[in-house]
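K.L.:
dropping a prediction and its sequence here:
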Protein chains: 2
Amino acid sequence: MTSRSTQAETIGDLGEFPLISLITRNLTLPPAVSVGPGDDCAAYLINGSALTTTDMLIEGVHFRRSWSSPADIGHKSVAVNLADVEAMGGTPVAMVISLGLPADLPVTWVKEFMTGVREEAELGGVALVGGDMTGARDISISVTVIGETAGRGPILRSGARPGDIVAVCGRLGWAAAGLAALLRGFRSPRAAVDSQRAPKVPYGAGRQAADAGATAMIDVSDGLLADLGHIAEASGVAIDLDSARFTIAEPVQAVAAALNADPLGFVLGGGEDHAMAATFEPGKVPEGWDVIGQVRQINDEVGPIVLVDGQEWEGEKGWTHFHP
Amino acid sequence: MTSRSTQAETIGDLGEFPLISLITRNLTLPPAVSVGPGDDCAAYLINGSALTTTDMLIEGVHFRRSWSSPADIGHKSVAVNLADVEAMGGTPVAMVISLGLPADLPVTWVKEFMTGVREEAELGGVALVGGDMTGARDISISVTVIGETAGRGPILRSGARPGDIVAVCGRLGWAAAGLAALLRGFRSPRAAVDSQRAPKVPYGAGRQAADAGATAMIDVSDGLLADLGHIAEASGVAIDLDSARFTIAEPVQAVAAALNADPLGFVLGGGEDHAMAATFEPGKVPEGWDVIGQVRQINDEVGPIVLVDGQEWEGEKGWTHFHP
């Protein structure tokens, strides 16, 4: 007779506590974390203000098991949160994950998911300190990251001033191009499709921007125009982008050509790449960031707005939930 | 022609951003919170070590819309997390909520849910500082609470020592009795059924125990025997409960009598009431706490264990996910 756990194929066979052990074993905790998983709460030290962000990813809404590997989904679940801490100019410290999982889910799915989680956490420098697990019909993943400001104020959306320069760091349009390819049944260009499956967050760029005196910052999750629109609203300014300034990456161009689409549409409207977009006083844009436009006074009749070459963009501006 | 939002009945009609506005309007933030909902992260100050806990509640697993009002579910989602901060002897500071919601969910459901969330947050003294929202087939609620230790170390599960006294504060067996009643189609006794729908956490009892020098503490979420088992394991001790010490509440007795069940089974095996269970040096049990047993040396052959009147309990010890 063999033990149940060695023969387990689904998490229902394995059971809750062995599954939690599988997830939490071999965790290395940094010195700032005094209590990791296994008690009622995790405990850790914060330098400066605490920053907190949370994201929920649900099967069928944010990912499909047939499109994304478990590791990709692990990477993505962590990356989207770390990008929010970057976008405040902060440093991530601690992370908790809640998982709602169907009982017939293979244990290997959870193992590979956690490999992605750990790899991305290491890339971004955050410690997994706790979580929760429950049954569910669809895989539901909720990640919360707590960061620290370490000696300076957070970079808000509300600090952009007329005369500031708008710049970005990271990929734009890759994930949207990848999604467009996947939706038509293609699995290439690989770089775009991989970007859709798991974003490549420009870790460190947010703190670099904060060090350079960024006046406002956001990560591009919904789409560049939509997210710069949040800065325009919060700051009470107009933002004017210069389309000639955008370098459109080769995979984005390839998808646009194959689908007979405007590649700038992916760059301006596509979300999920989690590039950093920030505003700087002239002459303060840091190395590695691309200037894409300017902050202007609002027109009192129009209010806060994002323009492209002085005009409203006619295409998609981003993505919202609950609308068809 | 009327505007869409005044006629909206489902959250799909209303749309994501109006729904977020509905949830975040009229939030009052305490001075420790410098950035609330609306930026990439919330920002706030922490006194001492940061404590973090998270719980996920899923429709059909943790609650049913036909059994629990939206307000009850709001209360419960917050309470289960605040209880974890209490169980470390901490003070809650900030809370984030992620919601996965079906597009056909009535807007009134979300409004009433948030009323429960706000009321419970006020009871427990925590500020809602951010969250996320997405579509989902089943209602999925993930709450993370960040607390502070404010000048002392957290009370862990691992500090119980032979000779310590075991005591509890709060309700035991009420939620389990309520669930048993509901499962048989009854809606009474009301007090027990209400406890199943939303626990009455003894707010302040955790800090009171910490002030009194509690050596170990946990909140009773899975069942008293199961949760004291976590203390026994983490502390490397045996715990012996004295069944004569338990005061069995009237609603628990009523359900047990109606179902011809042992009321002590609800008290020892029933979870979800989120009472506090702690160990103290003799003479240090604070007022309002009930002594229920003692911490003893482990028997080397048996290891950490929880006994009732010196013997193993034959009934249910608690609740795990994924097992039939």
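P.N.:
The structure has been received and is ready for your questions. Numbers count the residues shown, from 1 in each chain, chains lettered A, B, ... in the order given.
K.L.:
which residues does A:Thr144 bridge with?
P.N.:
A:Thr54, A:Val96 (DSSP bridges).
K.L.:
show the pLDDT at it.
P.N.:
Here, the pLDDT recorded for A:Thr144 equals 98.
K.L.:
and the spatially most central residue of chain A, what does it touch?
P.N.:
The structure's chain A has its C-alpha centroid closest to A:Val80; by C-alpha atoms, centre = their mean the separation is 2.3 Å. Neighbouring residues of A:Val80 by C-beta atoms under 8 Å, 6 or more residues apart in numbering or on different chains: A:Asp55, A:Leu57, A:Val143, A:Pro199, A:Ser221, A:His274. Using the backbone N, CA and C atoms, a C-beta is placed for each residue, glycine as well.
K.L.:
go through those residues and say which is closest to chain B.
P.N.:
Nearest to chain B among these is A:Asp55, at 5.0 Å by C-beta to the nearest C-beta.
K.L.:
contact partners of stretch A:179-186?
P.N.:
Applying C-beta under 8 Å, 6+ apart, the external contacts of stretch A:179-186 come out as A:67, A:187-189, A:192-193, A:196, A:255, A:258-259, A:261, A:266, A:270, A:272.
K.L.:
restricted to helices, list those.
P.N.:
With DSSP state H as the criterion, helices contain A:Ala192, A:Val193, A:Gln196, A:Val255, A:Ala258, A:Leu259, A:Phe266 from among those.
K.L.:
now, among those, which is nearest to A:Glu281?
P.N.:
A:Phe266 (29.9 Å; C-beta to C-beta).
K.L.:
residues near that closest one, how many?
P.N.:
32 (other C-beta atoms under 10 Å in any protein chain shown).
K.L.:
quick one: it and A:Ala176 touch, right?
P.N.:
Yes. If you go by C-beta atoms under 8 Å, A:Phe266 and A:Ala176 touch, sitting 4.5 Å apart.
K.L.:
doesn't the residue nearest to the centre of chain A fall inside a helix?
P.N.:
Yes. Assessed with DSSP: H, G, I helix; E, B strand; the rest coil, A:Val80 lies in a helix.
K.L.:
what's near enough to touch the residue nearest to A:Phe266 when sequence neighbours are not counted?
P.N.:
Closest residue in space to A:Phe266, ignoring its immediate chain neighbours: A:Gly173 at 3.5 Å, by C-beta to C-beta, 6 or more residues apart in numbering or on different chains. Counting by C-beta under 8 Å, 6+ apart, A:Gly173 makes contact with A:Ile248, A:Ala249, A:Val252, A:Pro263, A:Phe266, A:Val267, A:Leu268, A:Gly270, A:Asp273.
K.L.:
again, only using 10 Å
P.N.:
By C-beta atoms under 10 Å, 6 or more residues apart in numbering or on different chains, the contact set of A:Gly173 is A:180, A:192, A:195, A:220, A:223-224, A:246, A:248-249, A:251-253, A:255-256, A:263-271, A:273, A:275.
K.L.:
tell me how far it lies from A:Asp219.
P.N.:
In this view, A:Gly173 and A:Asp219 are 15 Å apart by C-beta to C-beta, to the nearest Å.
K.L.:
related to what we said a few turns ago, which among the contacts of stretch A:179-186 end up buried?
P.N.:
Neighbour-count burial (16 or more other C-beta atoms under 10 Å in any protein chain shown) applied to the contacts of stretch A:179-186 gives A:Trp67, A:Pro189, A:Ala192, A:Val193, A:Gln196, A:Val255, A:Leu259, A:Phe266, A:Gly270, A:Glu272.
K.L.:
so the residue of the stretch 51-200 of chain A found nearest chain B, which of the three states?
P.N.:
Nearest residue of the stretch 51-200 of chain A to chain B: A:Ser142, at 3.4 Å (C-beta to the nearest C-beta). Following three-state DSSP, A:Ser142 is assigned to strand.
K.L.:
strands along chain A, start to end?
P.N.:
Secondary structure of chain A by DSSP state E: the strands cover A:33-35, A:42-44, A:50-58, A:91-101, A:127-135, A:140-148, A:165-169, A:216-219, A:238-241, A:276-280, A:290-296, A:305-308.
K.L.:
between the ones you listed, which gets nearest to B:Leu29?
P.N.:
It's strand A:50-58; of the strands of chain A, that one is closest to B:Leu29 (C-beta to C-beta) at 13.1 Å.
K.L.:
I'd like the mean pLDDT over that closest one, please.
P.N.:
For strand A:50-58, the mean per-residue pLDDT is 97.
K.L.:
contacting residues for A:Leu128?
P.N.:
Residues in contact with A:Leu128 (C-beta under 10 Å, 6+ apart) are A:23-24, A:27-29, A:33, A:36-37, A:42, A:78, A:94-97, A:114, A:117-118, A:121, A:143.
K.L.:
same check on A:Ile23?
P.N.:
A:Ile23 neighbours (C-beta under 10 Å, 6+ apart): A:Pro37, A:Ile97, A:Leu99, A:Val110, A:Lys111, A:Phe113, A:Met114, A:Val117, A:Arg118, A:Leu128, A:Gly131, A:Met133.
K.L.:
what's the ChimeraX line that selects buried ones from those?
P.N.:
The following ChimeraX line selects those of those that are buried, judged by 16+ other C-beta under 10 Å:
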select /A:37,97,99,110,113,114,117,118,128,131,133
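K.L.:
mind listing what A:Ile305 touches?
P.N.:
Neighbouring residues of A:Ile305 by C-beta under 10 Å, 6+ apart: A:225, A:228-229, A:232-233, A:237-240, A:296, A:298-299, A:312.
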